Every structure is written in C-alpha cells, then in structure tokens.
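**Q** Show me how the following folds:
(6 chains)
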Protein chains: 6
Amino acid sequence: MHIRLINPNSTASMTAQALESALRVKQRDTQVTAVNPTDTPVSIEGGADEAMAVPGMLAEIRKGEKQGVDAYVLACFDDPGLHAAREVAKGPVIGICQAGIQVAMTISRRFSIVTTLPRSIPIIEDLVCDYGADRHCRRVRSIDLPVLGLEEDPAAAERLLIREIEAAKKEDGAEAIILGCAGMSALCERLQTVTGVPVIDGVTAAIKLAEALVGAGYTTSKVSAYDYPRIKHAGVAAVA
Amino acid sequence: MHIRLINPNSTASMTAQALESALRVKQRDTQVTAVNPTDTPVSIEGGADEAMAVPGMLAEIRKGEKQGVDAYVLACFDDPGLHAAREVAKGPVIGICQAGIQVAMTISRRFSIVTTLPRSIPIIEDLVCDYGADRHCRRVRSIDLPVLGLEEDPAAAERLLIREIEAAKKEDGAEAIILGCAGMSALCERLQTVTGVPVIDGVTAAIKLAEALVGAGYTTSKVSAYDYPRIKHAGVAAVA
Amino acid sequence: MHIRLINPNSTASMTAQALESALRVKQRDTQVTAVNPTDTPVSIEGGADEAMAVPGMLAEIRKGEKQGVDAYVLACFDDPGLHAAREVAKGPVIGICQAGIQVAMTISRRFSIVTTLPRSIPIIEDLVCDYGADRHCRRVRSIDLPVLGLEEDPAAAERLLIREIEAAKKEDGAEAIILGCAGMSALCERLQTVTGVPVIDGVTAAIKLAEALVGAGYTTSKVSAYDYPRIKHAGVAAVA
Amino acid sequence: MHIRLINPNSTASMTAQALESALRVKQRDTQVTAVNPTDTPVSIEGGADEAMAVPGMLAEIRKGEKQGVDAYVLACFDDPGLHAAREVAKGPVIGICQAGIQVAMTISRRFSIVTTLPRSIPIIEDLVCDYGADRHCRRVRSIDLPVLGLEEDPAAAERLLIREIEAAKKEDGAEAIILGCAGMSALCERLQTVTGVPVIDGVTAAIKLAEALVGAGYTTSKVSAYDYPRIKHAGVAAVA
Amino acid sequence: MHIRLINPNSTASMTAQALESALRVKQRDTQVTAVNPTDTPVSIEGGADEAMAVPGMLAEIRKGEKQGVDAYVLACFDDPGLHAAREVAKGPVIGICQAGIQVAMTISRRFSIVTTLPRSIPIIEDLVCDYGADRHCRRVRSIDLPVLGLEEDPAAAERLLIREIEAAKKEDGAEAIILGCAGMSALCERLQTVTGVPVIDGVTAAIKLAEALVGAGYTTSKVSAYDYPRIKHAGVAAVA
Amino acid sequence: MHIRLINPNSTASMTAQALESALRVKQRDTQVTAVNPTDTPVSIEGGADEAMAVPGMLAEIRKGEKQGVDAYVLACFDDPGLHAAREVAKGPVIGICQAGIQVAMTISRRFSIVTTLPRSIPIIEDLVCDYGADRHCRRVRSIDLPVLGLEEDPAAAERLLIREIEAAKKEDGAEAIILGCAGMSALCERLQTVTGVPVIDGVTAAIKLAEALVGAGYTTSKVSAYDYPRIKHAGVAAVA
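**A** A predicted model of the protein is given here:
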C-alpha cells in the first residue's frame, strides 16, 4: 500500500519531520512518500494561509491519483482543503486534526489541544465541532509561538509545550493531549514521557488510520458530496 | 462608500446578474463595482471548485484594498474563503449565505434553503450550523440542476424552484425561503410573487448588510483570528 | 424611510441617549423617531421587568403601524417581546441584542458581551443560544451595576466597563465586545478607543440593519409564526 | 399545601377544565385553587397573545403571594412568562410544557407533541430546546385548530388528535405523546385509551410536580436570576 | 403507594442513609422500602463499578415487580442502568441524577453539581447532556474524596463540600447546587443552611418525583424502547 | 499483536461470523482471537440485554489482560459497557459502533445506519450523539427483524436491508451506510455491490482501527476517567 503524506506548506524541513514520524510507525509493507508544494506559504497560520496552500495540495493529490496512491495524509493541523481533497481522491484522505481527535476520543473521555498561535484557536475549535468532539475537548490552548519557531528553537518550544500541557492536566482535567501542529511531531514522545499524559501527534495517528482504512478496502464515497468535481461544459476544465 | 462585489467563479454573465441585483437595491450614494477572477472554475459546485476559486478571490480583495474599497460581498452561496477574505480585508466582508441567513432569522422563525445540486446540501448545512441557524433552518433542498443550468434554461429553473418552494412551505412549514445560489438572484422577485412566501436573495441581502456595516463604521476586527496574515521570515511573502 | 426606536422602559433620558446614537449613524434620508411607554418599569432588569414592559411596547408598535412606520428597533438588550412585536408589525423589527450579535459574527470569530447586573447573564446567554452564537460568544460578563447606575455615575461605569473588556480580551480571547445594555450606547466610542478592540453598540447596529432590511424591501413574513395575532371570536379583540 | 392554578387567558371555561384535571389527581390534603385574569386574550395563540397575558398572570401571582400560596401552575402550554413568574414567587412555579416534558423524558425515550395551531410549533420547539429535550422530542405537530375550537367541537378535536397521534406513532416512532394545549386536558384519558400510547396532559403533570417540590421543601432560588425584581429608586415601583 | 429505593452498591449503611432521607420527605401514605444487592461493588466510582452493579439492581427490580412495587428510585448519582431498569419495570423508574437536574431546572436558571471523585466528572457531564441540561449546568465539580470517605469522616467531607459550593457560587454563578452522590444526602440540609444557596439531594428529589408520577397514574411507556426485554427463542431466557 | 474480539452475547455462531470478518481484513502478523461469555443473553436487543451482558464481557477483558492481549474489539453495535471496558483494559478498546462512525465520517459527509429492531433506534441515536456524529448521521433506520432473524433467514434479511438502504439513499441522501448490528457483518460486501453505496461493517472497521492504535503505540489513558477501577477498602474487591 502506498500512502502519500502531503505537507501543504512549502517548508521542506517540516515535510521531512512529518515523514520521519510516519516512517517510525508505518507497517513494514506500507510505502510512505512525502511531498510539499513549492508555491504555498512557508507555514499555515490562519485562513488566508490555508487558502493559498490548498490548490497546490490538490495538485499533489491529482499527481498521486495518476501514480496509484492508495491514501493521503494532509500534514497540517487546520485540515485545510480536506473536503476538497476527498472529492479529488479515490482512496481515503486523512486530516491530522480529525485523526488526532478520533484517537483521543477512543483512548480518553476528555482531552485538550495545544497549538502554536492564538489566532488558530477558533479555527481548531470549529474543526473540533465539525468532528463532533465539542463535549470531549476541554479546551484549545496555544503556546503563542509561530509555526516556524518550533524549528528555530525546539528547546524553548518544548518548555512552552510542557508548561501548557501541565496547565491542561490541572485546569482542564485533560486525560490526553493532542499536539495542534504537524511541526510538533518530533517532540511528541518526550512530551508524553515528561508529563505522564498520553500525547497524540496527528501525523502518527493519521498514517495509522490511513493504513487501517486502506487495509479494510475503504475508499472515499463517490455518492454525492465527495463525488469527483464535475467537468464543466464551458470548455473550462475546472479542477479535473 | 465603495462596495466590491466579487463573484469567485469566472463566468462573467453571473457577475453581471449579481451586479444587477446589487444596483437595484443599493443606496444612491453607494458605489458598487463587480469583478470576477478569470482563472477560477466557471461555477462553484462542491469543495474542490471552492478551493480553486479562493486564491483568485483573495487576489481581488488585495486589489480592492489598494483601491480603498470599503466592503466586499462574496457572491457565491458556499461563502468560499470567507474567513480568509476577512483576514485580508480591512473593511467588512459579507458572504451571501451568512447574509441571507441573518435576514431570514430576522423576518421569520423557520426557513428553508433551495440550492442547485444535491452535493452542495451538506456544505450548506454545515454553514447553517456555523452561522447558528440549525434550529431555524428547516431543511436545505436542491433542484438537482447544475449552476450554469440556471442561465441556460431559466424557465425550467423557475419551474423547478417553484415546485421546491411549494414543497418547503407544505412539508417544512417554511416561513421564508433563501435562494441557495447567486445565480438565482434574477428570479427572486418572481418566485416571491408566485409562491407568496418571502424569498431572500443572498446578493441583495449582502449588499444591504455591507452598506449597514460600513455606514456604522464597523471594520473587521484585527484582534487575533481575522488579523492580517503574518509576513513570514523565510523570505517568502505568504499572502501579503 | 421611517424607523421607530422604542425604548421599552419609561426612562426618557435613556430614550434620548439611544436616539442620539441612532441619529449619529442613520442615512441622511432616514427619519428616526424615538418613543418610550410611560407605564413600564424605569429599567429592565430581569424577566419580570421585561414582562411588564412588553404590552406598552406593543402598543407603541400598533401606533406606529397606523403612522406608516417602516421598521422598529427595540432598544433594550434583553430583546423583550421581540417575537410578539414581529407578529404585530408589517415591517422588520430589530432587537439590539440580535443586531449586535449579527454584527459581531460578521467582523470577528469570537466575542464577549458585557452587561450590567449578574442576574441578566442567563437571560442573555439564552438569547445568544437562540440567535445561534453559542460557539462564537466566549462569555457574557457583568459589571454588577444597575442600569440606572450608568447614568448616575458614567465615569464609574466607564472604569468598570474598561476593566471588564480588558478581562474579556485577556481571559476570553475576545476579538470584539458587545455592550449588553442600551444605556451603554454613549460610552461605545470611548471604550473602543481606550481598549483597542471593536466595541459594538446594539442600538447603532440595529438602526443600520433596520435601514438595510427596509432598503432591500424585506418585511416580516406573515406566513405562520409571525402572522398577525388572530382576532378572537369571543367578542374580545385580543391584541389587534 | 396550597397550589394555585393560573390560566393566563381569560376564558373561564378553560380554567374550569384545567381545575377539573387538577382535582382528579391531587393528593387529599392539597388545596388547589384556580384563577384567570379577566383582561387577557381569550386564548393564547402566539407571542403577542402571550405578551398580553403575562402582566395579568403576574398580578395573580402577587395576589397569591399575599395569600400564602405554596406553588403555582401556569396552565398554558407556551409557558408564557415562566421566568418572570419565578422572580415574583417564593415557591416553585411550574409550567405545563416543562412539566409534560419532564414526565415524558422519564417514562419514554422519544416522544412527540401535538398542539393546536401551526404558528405555535416554532414556539414550542424553542421551549423543547430550552428544556433540553431536543433529542428526545421527535416532532412538534399541530391539528390546525384554534384553541377555542377544542371546546366548540370536542368530537372533531378528538378525531383530529387521534389522527395526529397515530401519525406520531407511525412516522415519528413516538413512545409517548404530550398534549400541547391546556385545553386538551379533558381528552387525555380517552386519547390514551384509543391510541394505546401514553398521553401526557401538562396540567396533570404540573400539579403533581408542584406537590412534589413543595413536599420536599423546595422553593425558587433567590440567588441571582430568579431573585425578586429590584424596587427601582426613581419613585416608580416597577413590578413589586 | 409503594416505592422501592434501590441502592445499587452493597454498602448497607448508604442504603440506610438514603432511606432516612426518603422517609423524611415522603407522604404519609407512601410506603418506602430500601434494598441493596449484596454482590455489587461497595461503592460506584466509574463505569466498571456501574457495570458490575447493574445486574444486581435489575434483579431487585424484578423482585419488586412480583411484589407489586409502584415505582423505583435508583440511589446512585451515575444513574447506572437507568434505561435497562425502565425496560424491566412497569411503573416509573427515577434516577437521582435526572431527578436532581429536573428540580434544579425548575427552581433555578443555572446550577452546578458537586461530586466525589474527579473520574466521575465526565460521566456526570454526559448525563447532564443526556438530560438536556448542558446550558443550565455551569460545571460539574469534585471534592476528590472517595465515596466511602463521606461516611468515614463526615466533618471533613462537609468542609470540602462547603468550600466547593462557595467556589461554585463565586466562580460559576451557580444559583443552586446538586449533590453528586447519594452518600451526601445526610449533609444536604446543613450545606444549604451554611452556604445560603439551595442544595438539592437527588434521593429526596427522586422520591418526590416518584410519588408525583405514580400519583398521576404514569407508568413507563411500553411502546418500543422501554418495552419489556424480549424472551429469546434459543431456549435462553435472557433477562426475563 | 494480539487483538481479542469479544462478542458480548452468548451465541457462538455470531462470534464465529464476526471472527470471519476480522480474519478477512487483519494484517498478516496480527493474531485475532474471538470469545463470547456463556452466561449472557443470546442477543442484545435493548438496554436490559446490554446490562446482563457487560459483566461477562468485562470478565473476558480481565482474562485477556492476564494473557497480554493488546487491544479489544466489542462486537455488539450498542457498544455495551465500552467505557467500563476501557477502565479495565490497558490497551485500546474499540466499539464497533464508534469504529463504524469514525470510518463513515472519514469517507463520507452524510450517512445513515440500518439496525435490526426499532427499539434500538434511540440507543443508537444516543451513541451517534456521544460520538459527535449528530450532523453527519442522517437517520437511524431499522428493518424490524430480531437479531437472530439475521441468521435464521439471511435471504430475507438481505432483502429487507437492501430495501432500507435504497430508502436511505433516496430519502436521506445517505452517502454511506453503517450496518447497525454485528450479525450483519457477513452481508456487508453483497449489500455494497447491490446498492452501489459504501457499506460499513463495524467489526471490520474496529479490527483495523485496533491494529492502527496498537501499531502506533497508543494505550488507554489511565489519567482520571479510564483509570483502573479502585480496589475498595471494605474487604470487597469490587471489579478487580
């Protein structure tokens, strides 16, 4: 089985980090390849960044479709363009936010999410609601650090994350933590060790769910909402 | 005051129709200009079409910002890229779905929405939820006609719409109807006359709400979520 | 166009203040007249006050109907009798709570409301829910000052409001503030200047939305829920 | 213990019918007295009727307070002025809609409500939501008969109710039915016998819940929201 | 009328305490008998304890059915097996959590719940949601004391409860408090006296609601969900 | 990795069928073993059946813990005792209802569920709500056939299921179907072929999700709610 990991932003080091997380957990006979568009924002911080990243991400999916990719993982916690991607792909498309939430709802009753910038909090809260976890998610928190700050000073990022996770345990009664940015993936194991609470990295979760869905033979429903985009008759091939 | 009407798809005739609806209701001293990107799908039917239309739409907003535009109306009922647009604009950005819903919630207690294709129903249902109208919106219905079909055979479209509005009155107890596609704008008045139920065209609603907000001096909050996109330090100007 | 501003309580100075806010933002050719019943509570603080104010308010609407008024704004943040008023009026009836919320949902993703007395908090929370803003409204706060205290010591009221708005910014992540009492209208501009966050006065918002709805030709749906009250056959003219 | 049954409308025959239902189920040592204001609409059909009935109803509660009444039952299914009444009363105030719903949520998992006029459906739906029964209430139905029609032609009313209850059983999977009008009280037993599904009359339910609360020593919380209305200092006794 | 109080755990002293609370409020001609299974956990602290207690509780109901018991009160705040019990019983089955919530929603607009261990908080939150009180319940709090700790050191328990109730008044704006454990029943009156806020004991509430429902003639609906368990044809009598 | 499939009812043929579904999709190096208690109902049809099945199911989990089982799949669509099971197990415990829903929310936007008896509909609706799929699940339908009827006349069951799935496609706009009973597992593939809509069998889904979670190293959070049951000090080992 071939899973394509797509980092929607154009920062190759983040793509590499996500791939590393994927390789650590994938089954032996799963092939994981990772790509990122080169014409998208260097990081996704808010709705405008998302919007500018989605066409490049969809282009990668269309490439993947020609190459016979079985499933896709979108490695950005805002799950940008997730519904669009599912229209374009035959196989399952997994967003790391939705994947993290599905795992958290299975191994805990109440969890919190820790992301980078405060401006992303309402975006993630709305996703939590879309994915049906309003009651299970105690709070979306932020460490007030830009996405690229995670790479620039990982030690500082780790300190901020530990402080916020401890606050989530104490103030929220969080039984599990979801890391709210693909760029935190490499820190996941250490954070869990230090704080003693299950810490969920969306990339890891998504890769395993993608394997599960492909392994069971599930593909994206082409009945109605996720059907392929219609080819428009005005001579303009919309998104095909 | 200068309001820019942006049709996110690339079909100029639809832009013209929306402009006509806007001119019919605008105040005397309001300037309304209408544009559409030329590199976007010819119609927006689903998430992938939306995604491909948003960057072009945002480019139009950035142009408008330089020209001193006071507010924007996005003339596509899926409100594609609405949050992104608000990050980029200083003044208010009005989506025609949200505008139609705000009007419907003010002049009725229960309403239904009639859109074009069935695949758009879940998209609009999710918007209804985001805009807080779950309890007020009885049902999202479709006439199972592609967007461009509205222009190709307006008489047939009108017949289908009347039939669906009558069903909404009878089966849903709808007290008002929102037209779920900018391309239905020209039919609004006739549909109301024929069916005897208030019929709300989102373009009309949005233009008037844009005037109202600008008239009161409201601008988009730049505190947190709708703040301008950050200029990223990797030498890549993300969306600025 | 003629908009009638109705202050449901009997304190004329509050009516005057609301009118002043209205006049500041109305279009040139809009006529705004303001009235208050004389047999209602001097301020609305809770459900019983509301109940005692509504018949007088409805009487004002029935007077307005005979005078050809085009729309009504109810200048009390509890929106008392809003549904009833819509049954009695032909044109749109705008409540300042609903208007403030519609504006806040358009220019921000998350907002807080600051009202006078703690006892009004659940009332406003329930309105927030009715208007579909549960997710967007972070918190309803109070300054624990009676309504008339706003007029008696405006400087103290301003200090309390600033403190609470700053708390809303810091603790709630509020991107906009709605003033939860018509009597705070005059303080709106100063509060925004001092705190740097958009501050929304419901009276201002409602006047502009009323203009928008009338300008677009919308009237209250007379299909079902908001139909005129039935004239009862027991020889008793109920509310006609 | 003394329970006062207040019919908010001014139709004495409806008051008498409600009293009869109350007397049928009250404990031996409970005193039930029934009153109705004389200056309120002859029936409550919509929000405006409600509004015109509430001050008269509150006046009855204030009278009852001087007479040492222990609890009040409001015999109108819209529960008009329920929150206001609780501010004015020391003892519990029971609305027949809330009472019917609490019983239905205890003896069934899914129920439907059958009321008189279609215009009351959204009002009752909103109460269902306020009382937390959205998921338990399958549907609010109407027989499209004015309230006073129940008295004018009880046989016709019964036929319409049976038809609607049968539809609720079949289409809604309703396991219990709540009668959505105090004026249906006398038909309750027959409807249950004929249809074979538990039929709940709000008046009956409310009287028994009132006895229960008084018997346990519960009174209305005077902490915050339901505290007595403040006496205003402008020399105007608001609602005292 | 005969009400059977069932304490699902096997600690007889807790059964005795609950019975005492019941006897204090029951009507003169109500017979209350109390039992507990002997093969269930000594206290219910979490889902596994619940699961181990339910079959024994159901056995007590089946015994009660043969003895002509009219209604049952389940004296554990998690309402374990409540739906199952209703399938087995003819008369009403009242859970003390649901009963406490129904009372709190009648005498206050906003309340908080105080339970024993933190692990029970999500369980109770989910019940609050099932019973439709999400908006009315400000917060579920715990004193972090095991259930049996309430009996071992009642003075310490009282101190912890007072501290938590005061916090609920101040931080939550709670207008009433529900005690989140049957074992707190004996402390109820003192807590209300000391804190000045209505304090609701679920056992007391449930006994009175059981009397109310039986008094009105209500029995559990046997239409669909709460119908008696089917006798299975494989020769194995499932639960009959 | 060792996954234990537990059929909570005592019908061995259903256990065998579930195991067959599991073996069809498991990875090569996954060991799946299947058990069922022998003292539980022959089928689970409602809350009482659930309650009688859970202690036996928990006993199987405790056995599995001693044998080093890595994860558990509960093969009954009501997910009976799921929270309890998670308290007792170290590794993940997957309910087939939750698993089916997580898959459906990933490969479609709107789905319906088809179960056996009407009495199970509210139970499943409440699970749908608990798992956050209210908006995504159009409707829970039933074929009105007892669980064991699936085995007795599979051809009839298939006809009924096809009819109901076709209705779900047409009336609900369902884009995917979840089979609402473990006993339907064997029919899954044929139903999908005949109806042309993705049909999801919970057993299959759960096995793959269990593999995914174990493969990623996730275990049940032992922080708070899902912590192991406390050993009680009254000399009675509650559930250990």
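
**Q** biggest helix in chain A by residues?
**A** Using DSSP state H to define each element, chain A has its longest helix at helix A:47-66.

**Q** That one near chain B at all?
**A** Yes: counting by C-beta under 8 Å from any C-beta of the partner chain, chain B is contacted by helix A:47-66 at A:G47, A:A48, A:D49, A:E50, A:A51, A:M52, A:V54, A:P55, A:L58. (C-beta placed from N, C-alpha, C; glycine too.)

**Q** Same question for stretch A:21-39.
**A** No: using C-beta under 8 Å from any C-beta, stretch A:21-39 stays clear of chain B, coming no nearer than 9.5 Å.

**Q** Ignoring the adjacent residues along the chain, who's closest to A:K90?
**A** A:T219 (5.6 Å; C-beta to C-beta, 6 or more residues apart in numbering or on different chains).

**Q** which of the residues in the least confident helix or strand in chain A by mean pLDDT are buried?
**A** Of all helical and strand segments in chain A, the minimum by mean pLDDT, DSSP states H and E falls on helix A:149-152, at a mean of 93. Using 16 or more other C-beta atoms under 10 Å in any protein chain shown as the test for burial, helix A:149-152 gives A:G149, A:L150.

**Q** thinking in terms of the whole chain, how far from its middle is it?
**A** Centroid separation between helix A:149-152 and its chain, computed with C-alpha atoms, centre = their mean, to the nearest Å, is 18 Å.

**Q** Then stretch A:79-92?
**A** Stretch A:79-92 has its average C-alpha position 13 Å from the chain's average C-alpha position, going by C-alpha atoms, centre = their mean.

**Q** Going along the chain, name the strands of chain A.
**A** Using DSSP state E, the strands of chain A run over residues A:2-6, A:31-35, A:71-74, A:93-95, A:111-115, A:137-142, A:176-179, A:199-201.

**Q** Mind checking the ones you listed for the one nearest to E:A225?
**A** Among the strands of chain A, the nearest to E:A225 by C-beta to C-beta is strand A:137-142 (29.7 Å).

**Q** what's near enough to touch the residue nearest to A:K90?
**A** Contacts for A:T219 (C-beta atoms under 8 Å, 6 or more residues apart in numbering or on different chains) come out as A:K90, A:G91, A:P92, F:I107, F:P198.

**Q** count of residues packed around the residue lying closest to A:A59 once chain neighbours are set aside?
**A** Take A:A59 and drop its neighbours on the chain: the residue closest to it by C-beta to C-beta, 6+ apart is A:P37, 6.7 Å away. By the criterion of other C-beta atoms under 10 Å in any protein chain shown, A:P37 has 20 neighbours.

**Q** List the residues that contact A:P37.
**A** Here A:P37 is in contact with A:P8, A:S10, A:A53, A:G56, A:M57, A:A59, A:E60 (C-beta under 8 Å, 6+ apart).

**Q** For the fourth one, the count of nearby residues, please.
**A** If you count neighbours by other C-beta under 10 Å, A:G56 ends up with 21.

**Q** The residue sitting nearest the centre point of chain A and chain E, how far apart?
**A** Among the residues of chain A, the one closest to the centroid is A:I96, at 2.4 Å (C-alpha atoms, centre = their mean). Using C-beta to the nearest C-beta, to the nearest Å, A:I96 is found at 25 Å from chain E.

**Q** so that residue touches A:A75, yeah?
**A** Yes: counting by C-beta atoms under 8 Å, A:I96 does reach A:A75; the two are 5.9 Å apart.

**Q** What sits closest to A:V73 if chain neighbours are left out?
**A** A:A206 (4.3 Å).

**Q** For that neighbour, give me its contacts.
**A** Residues in contact with A:A206 (C-beta under 8 Å, 6+ apart) are A:V73, A:L74, A:A75, A:I94, A:G95, A:I96, A:A99, A:G100.
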